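Student: The sequence isn't on hand, but the structure is:
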């Protein structure tokens, strides 16, 4: 549904305004999205930002959700001690550390720019974009944290309970 109001404009340059309609999908396809299974296995800081991001997605806070998706990526990079002076180089550092594939890094770079647009330009993204972004970060969290813990527990010779 498209709703038009006099507030659906944004100043693109001083004195120049563009019409930007607010588009809402009813019902929101991501409303009521459930948390990732075994999210309790995530490191505490990752789990905290993941839960806040999920809350923002489920309540249609699209700008905050874009920022939170970027923050999840940043937190994973920090947790994994990725080397680099900015988030772009840290994502590439995950590839160098073999935590992430080059194709995975390309996708995270897209999410990084989505998050930057939300944070620096207050650009809301569509629920479809944010839903896909959430699919990507959940896949990242599964691959970096959850599945390795299950595999160590399941396949460890000693029956390691580290997970």
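Tutor: Sure, I can see it. It should be emphasised that the depicted structure is a prediction, and the values quoted were computed from it without experimental measurement.
Student: Could you confirm residue 17 falls within a strand?
Tutor: Yes. Residue 17: assigned to a strand according to DSSP: H, G, I helix; E, B strand; the rest coil.
Student: In whichever helix in the chain runs longest, which of the residues would be classed as buried?
Tutor: The helix that spans the most residues within the chain, counting by DSSP state H, is helix 102-121. Neighbour-count burial for helix 102-121, counted by 16 or more other CB atoms under 10 Å, picks out 104, 105, 107, 108, 111, 112, 114, 115, 116, 117, 118, 119. C-beta here means a position set from N, CA and C on the backbone, and glycine is covered the same way.
Student: Quick check: next helix or strand after the strand or helix carrying residue 78?
Tutor: Per DSSP states H and E, residue 78 falls inside helix 62-79. Using DSSP H and E, the helix or strand that follows helix 62-79 towards the C-terminus is helix 87-96.
Student: Tell me the helices and strands packed up against that following helix.
Tutor: With contacts taken as 3 or more CB pairs under 8 Å, 6 or more residues apart in numbering; DSSP states H and E, helix 87-96 sits against helix 62-79, helix 102-121.
Student: Mind giving me the packing neighbours of the last one?
Tutor: For helix 102-121, the elements it packs on are helix 62-79, helix 87-96, helix 127-141, judged by 3+ CB pairs under 8 Å, 6+ apart.
Student: relative to helix 127-141, how tilted is that helix?
Tutor: 130 degrees (axes from the mean of the first three to the mean of the last three CA atoms, to 10 degrees).
Student: Identify the residue spatially nearest to the residue nearest the centre of the chain, adjacent ones excluded.
Tutor: Centroid-nearest residue in the chain, with CA atoms, centre = their mean: residue 69, separated by 2.3 Å. Using CB to CB, 6 or more residues apart in numbering and skipping residues adjacent in sequence, the residue nearest residue 69 is residue 133, 4.7 Å away.
Student: burial measure for the one you found, as a count.
Tutor: 26 (other CB atoms under 10 Å).
Student: ditto for residue 154
Tutor: 10.
Student: How about the host helix or strand of residue 46, which residues are buried there?
Tutor: Using DSSP H and E, residue 46 maps to helix 44-58. Across helix 44-58, burial judged by 16+ other CB under 10 Å covers 46, 47, 49, 50, 52, 53, 54, 56, 57, 58.
Student: coming back round to it: residues contacting the helix holding residue 78, please?
Tutor: 43, 45-46, 49-50, 52-53, 56-57, 84, 87, 90-91, 93-94, 108, 111-112, 114-119, 122-127, 130, 133-134, 137, 140-141, 144 (CB atoms under 8 Å, 6 or more residues apart in numbering).
Student: Okay then, goodbye and thanks.
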